[in-house]
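Novice: Kindly generate the corresponding structure for this input.
(2 chains)
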Amino acid sequence: MKTKRSISDTTILLTITIVVFFAMYIGAMLFQGKGFLKLQTFFNILNANAALILMACGLTLVMIIGSIDISVGGVAALVSMCCAVYLDRNVLNPEQNLTPGSVFVSMLIALGIGLAYGLIQGYLIAYLDIQPFIVSLAGMFFARGMTTIVHTNPFNVENKAFNELKEPIRIAFLGTVNKKGNLVPAKIEVGVFVALLAVLVLFFVLRYTKLGRAFYAVGGNRTSALMLGINVKRTKFFAHLMCGILAGLGGYVYFLHVGSGAASHASGAEMNAIASSIIGGTMLTGGVGNIIGTLFGVLSLATIQSIVSSAGFDQAWWTGITVAGMLCLFLVVQSVVIARKKKSLKKQA
Amino acid sequence: MGNEVLKMRGIDKVFPGVRALQNVDFTLCKGEIHALMGENGAGKSTLIKVLTGVYPKDGGDIFLGENLEPVTIKSPQDAQNQGISTVYQEITLCPNLSVAENMFIGRQKGSIQNWKKMNEAAGAILNELTIPAKPTQQLASCSIAVQQMVAIARAVDMDCKVLILDEPTSSLDEQEVEKLFKLMRDLKAKGVGIIFVTHFLDQVYEVCDKITVLRDGQLVGEYEIKDLPRVQLVSKMLGKELDDMSDIKSENATYEKKEGETPVFTAKNLSSTEAVHPFDFHINKGEVNGFTGLLGSGRSECVRAIFGADRNLSGEKTKDGKQVKISKPIDAMKKGIAYLPEDRKVDGIVGDLSVRDNIVLAYQVLKGALHPFSKAEAYKFADEYIKLLDIKTASADTPIKSLSGGNQQKVILARWLLTHPDYLILDEPTRGIDVGTKVDIQKLVLKLASEGMAVTFISSETDEMLRTCSRLIVMRDRHVVGELTGDDLNQNKIMSTIAGGEKNE
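Specialist: Below is the predicted model of the structure:
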């Protein structure tokens, strides 16, 4: 019996996402005109969304195991505020004129918060079997609350070392020559490299490690995974742990991009992260998803936002409506494609 | 014998309210195929799950290996590592992963996945066992039977001392079962101890060496296969002498057919979205007929088309001589047709509801939500049918999921009988249930027919079909290829019709 080469659901959804992203970007180039023709526009999208890429990666991991985490935005805000207060200690004690904190320690703080969130939420969800939605809802409220307790008012960070790190890296060979004939180098922030590195690492983890494959197995069928000899609880724990760390990292990259601390930072980021994952072909039901897809999911989302704002509809609700429309479109396309594939298989049989 | 590989002594397991296992002993030798038999609820599955670490045991000891060292098995993973591999009745694989991954996940060393090596190894095994699947194929795209074979391939590839097969054959057709038996004999020759759980007596007598019988969570005994004739095995499982099963047809009074009576139901040129080729069908009052054919030949699809469970593409249906339109199950129910679906876990029971609620469900739907019947009526109906069908349940309030498979099936049957259908369709009503209940259901079918009900009966077991049906419709590759009645109703004739030796066209 000859079986036709069959493509996995993950691959199909990934292809759809990438095609749609390119179609959209090329469409924007053709109809929106000049802005999108510049390479720097693309880099700006990356700069502004590096943090979202990291958070969405974390969400993709937990969604693959069939779980969810809505605390990532809160964690990002908490990380920004804690790091901001640490780096610019004079905010809390204006008279004393303290020496500013070191950038390295602020990174440790960010990772520490992410790690703590991952450990605690992971433990509650994996080992005590509490609903992930409830656990991370509580986590989100806690993070937002703590942010306000640490410091109430938004402020910009004054710290020399930090501000140096914050400056975009100028890359000459990606630059363009302007009308006057001068070379304008491309400006890319450090966070973008962190995010892309994370995407590469996670791609490797999901595809080529036993842990990554266990994520898919647990998401596909929990009971079966257990019977197949996978440690389901540990697998779930690791997914949430990694999501927590990525949220901490994402928080720091966010902080690096905005350079300020505020209780309202990254509000709604968790929802954007979930939306990006879904656009990227991750299914909420678990077992299907791809980290490259998530990268393109974030880029698609961001491209839509820049198209909407460059077209002059600057109000936030326009973006909201477009994103909603796009989500619906993606979900419909996904289910249609998968249903058609199932049908053609049935006919074959 | 001295070459024992597994010894379980005094195993106890208590679930809330039930003592599932009481002081059970089990011994398995190297290179033997050992059948574990018992009615549903006898504790076979529980014993297996204790052995594979799914449930912790509440008492007793397990000894494993050459030296019979005492072991504790904490999880299925642990069981695998200790050399116990298992194929479960329900397919416990991940549909979203590839075939090769399903064969190897959870049992490789190291933490890096080598796709190339894994696919090659999987390909070799699939080839050796002639399983029609590709290593890189997504599991969900394989048929159920192939998935089950993949699960078996996974289990036998493990370097195991003990192989447990928990009803692996219920979704396989005869050829595949034959393949499995060959595999089992090969492994036996290599010295693997095999525990084989099944409901099919034929299969037990074909491959097994020894039988251990459980009843109500207790050990009845261990027997050499040659010392235990079938009748005795069945009576040991049931704990009572069994009626002669072959005679049940003649015991019952048959319904006297009047001349010129219109058929209860007819269908002409019927076909559905599930790729059934157009077929004609009719059934008379008091008749039991059946669809037979190999697995996947379209037996279930035919009755689903009749009931309107799958969307019809063409065809005309009449009920009691009048033309009717049945496009949804509710239409069929209103016309007095009842359908007991094939997979009771998915299509039938509502697990968390009580036995009573499950019984009155269809009747309630039929009457409509605006015409509720009183609680007293519901109590009366439920009690009546629990008694009529001899459903073993603690009370009518017990959630149905805590009943054994056979009793769940009876509850579903009660549900449909309560709607007082003229035409009852039973799709595999006896799959996965014990011999005693099987006979009960067969008798019930004949009794209902003798009272004038038309029944369509589908079963994978030809014996059972021959015993109950007076007319058989034979299917092959989603075509109706023949109809057998009277003297033609025998194994050979069915086989030759299925095989296409004589087409009745």
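Novice: all strands of chain A, in order?
Specialist: A:155-156, A:169-177, A:183-188, A:260-261 (DSSP state E).
Novice: Please identify the deepest-packed of those strands.
Specialist: Per-stretch averages of neighbours, counted by mean count of other CB atoms under 10 Å in any protein chain shown, single out strand A:260-261 among the strands of chain A, with a mean of 22. All C-beta atoms are positioned from the backbone trio N, CA, C, and that covers glycine.
Novice: what pLDDT does residue 159 get?
Specialist: All of this refers to chain A. Per-residue confidence (pLDDT) for A:N159: 81.
Novice: meant chain B actually
Specialist: Note for B:D159: predicted pLDDT of 76.
Novice: Over to the one 4 residues further on?
Specialist: Turning to B:L163, the model gives it a pLDDT of 89.
Novice: Low-confidence bits of the stretch 51-200 of chain A, can you list those?
Specialist: The model of the stretch 51-200 of chain A has pLDDT under 70 over residues A:97-98.
Novice: Of the strands of chain A, give the one that comes closest to A:N163.
Specialist: Set against A:N163 and scored by CB to CB, these come closest in strand A:155-156, at 9.8 Å.
Novice: Contacts for the helix or strand B:L36 falls within, please.
Specialist: Element membership for B:L36, per DSSP states H and E: strand B:33-37. Contact with strand B:33-37 is made by B:26, B:28, B:44, B:47-48, B:184-185, B:188, B:193-198, B:204, B:207-214, B:225, B:233, B:237, as judged by CB atoms under 8 Å, 6 or more residues apart in numbering or on different chains.
Novice: between the next helix-or-strand element following it and strand B:33-37, how many degrees?
Specialist: Per DSSP H and E, the first helix or strand lying C-terminal to strand B:33-37 is helix B:44-51. Note on geometry: by axes from the mean of the first three to the mean of the last three CA atoms, to 10 degrees, helix B:44-51 and strand B:33-37 are set 120 degrees apart in direction.
Novice: Briefly note if helix B:44-51 comes near chain A.
Specialist: No: using CB under 8 Å from any CB of the partner chain, helix B:44-51 stays clear of chain A, with a minimum separation of 10.1 Å.
Novice: For the stretch 351-500 of chain B, just list every one of the helices.
Specialist: Ranges of helices within the stretch 351-500 of chain B are B:355-367, B:375-388, B:405-417, B:435-450, B:462-468, B:491-499, based on DSSP state H, counting those that start in this stretch.
Novice: isn't B:V213 right up against B:G221?
Specialist: Yes: B:V213 is within contact range of B:G221, at 5.9 Å (criterion: CB atoms under 8 Å).
Novice: Looking at the stretch 351-500 of chain B, which residue is nearest chain A?
Specialist: Here the stretch 351-500 of chain B gets closest to chain A at one residue, B:R478, 10.6 Å apart by CB to the nearest CB.
Novice: so how far is chain A from the closest residue to that residue other than its chain neighbours?
Specialist: The shortest distance from B:R478 to any non-neighbouring residue, by CB to CB, 6 or more residues apart in numbering or on different chains, is to B:G298 (3.8 Å). According to CB to the nearest CB, to the nearest Å, B:G298 and chain A sit 12 Å apart.
Novice: burial count for B:G298?
Specialist: Look at B:G298: counted by other CB atoms under 10 Å in any protein chain shown, it has 24 neighbours.
Novice: what touches both of B:V213 and B:G221?
Specialist: In contact with both B:V213 and B:G221: B:K236, using CB under 8 Å, 6+ apart.
Novice: who has more neighbours, those two?
Specialist: B:V213 (24 against 12).
Novice: isn't there a helix covering that one?
Specialist: No: B:V213 is assigned strand when assessed by DSSP: H, G, I helix; E, B strand; the rest coil, not a helix.
Novice: Next up, the contacts around the nearest residue to it once chain neighbours are set aside.
Specialist: Spatial nearest neighbour of B:V213, chain neighbours left out: B:V220 (4.1 Å); criterion: CB to CB, 6+ apart. By CB under 8 Å, 6+ apart, B:V220 lies in contact with B:G38, B:V213, B:L214, B:K236, B:M237, B:G239.
Novice: Equivalent analysis for A:G259, please.
Specialist: Each residue near A:G259 by CB under 8 Å, 6+ apart is listed here: A:N156, A:V157, A:F162, A:N163, A:K166.
Novice: Let me know the closest of the residues you listed to A:G112.
Specialist: Minimum distance to A:G112 across these is 17.5 Å, recorded for A:F162 (CB to CB).
Novice: ok so, going back, just the pLDDT at the residue nearest to B:R478, thanks.
Specialist: Reading off the confidence values, B:G298 has pLDDT 76.
Novice: Quick check: residues of the stretch 101-250 of chain B near chain A?
Specialist: Residues of the stretch 101-250 of chain B lying near chain A by CB under 8 Å from any CB: B:101-102, B:105-108, B:110-113, B:115, B:132-134, B:136-138, B:141, B:143, B:154.
Novice: any idea how far the residue lying closest to A:L299 once chain neighbours are set aside lies from B:L28?
Specialist: Once flanking residues are discounted, A:L299 sits nearest to A:F21: 5.7 Å by CB to CB, 6+ apart. Plainly put, A:F21 is 58 Å away from B:L28 if you go by CB to CB, to the nearest Å.
Novice: quick one, which of these two is more surrounded?
Specialist: Remark: of A:F21 and B:L28, B:L28 carries more neighbours, 24 against 21, as counted by other CB under 10 Å.
Novice: Is it correct that the more buried one is in contact with B:I164?
Specialist: No: using CB under 8 Å, B:L28 makes no contact with B:I164, being 9.6 Å away.
Novice: Stretch B:210-220: end-to-end distance?
Specialist: With CA to CA, to the nearest Å applied, stretch B:210-220 spans 14 Å between its terminal residues.
Novice: in that stretch, what's buried?
Specialist: By 16 or more other CB atoms under 10 Å in any protein chain shown, the buried positions in stretch B:210-220 come out as B:K210, B:I211, B:T212, B:V213, B:L214, B:R215, B:G217, B:L219, B:V220.
Novice: Please apply the same query to stretch A:103-111.
Specialist: Buried positions in stretch A:103-111, judged by neighbour count with 16+ other CB under 10 Å: A:V103, A:S106, A:M107, A:I109, A:A110, A:L111.
Novice: The fourth one contacts A:A84, correct?
Specialist: Pointing back at A:I109 there. No: judged on CB under 8 Å, A:I109 makes no contact with A:A84 at a distance of 10.3 Å.
Novice: What are the boundaries of the helices in the stretch 51-200 of chain A?
Specialist: A:72-87, A:103-122, A:132-150, A:160-166, A:190-208.
Novice: Would you tell me which of the ones you listed gets closest to chain B?
Specialist: For the helices of the stretch 51-200 of chain A, the distance to chain B is smallest for helix A:190-208, at 5.0 Å, taking CB to the nearest CB.
Novice: near chain B, anything from the closest one?
Specialist: Yes: applying CB under 8 Å from any CB, one finds helix A:190-208 in contact with chain B at A:R207, A:Y208.
Novice: and the angle from that helix to strand A:183-188?
Specialist: Between helix A:190-208 and strand A:183-188, the angle comes out at 50 degrees (the same axes, to 10 degrees).
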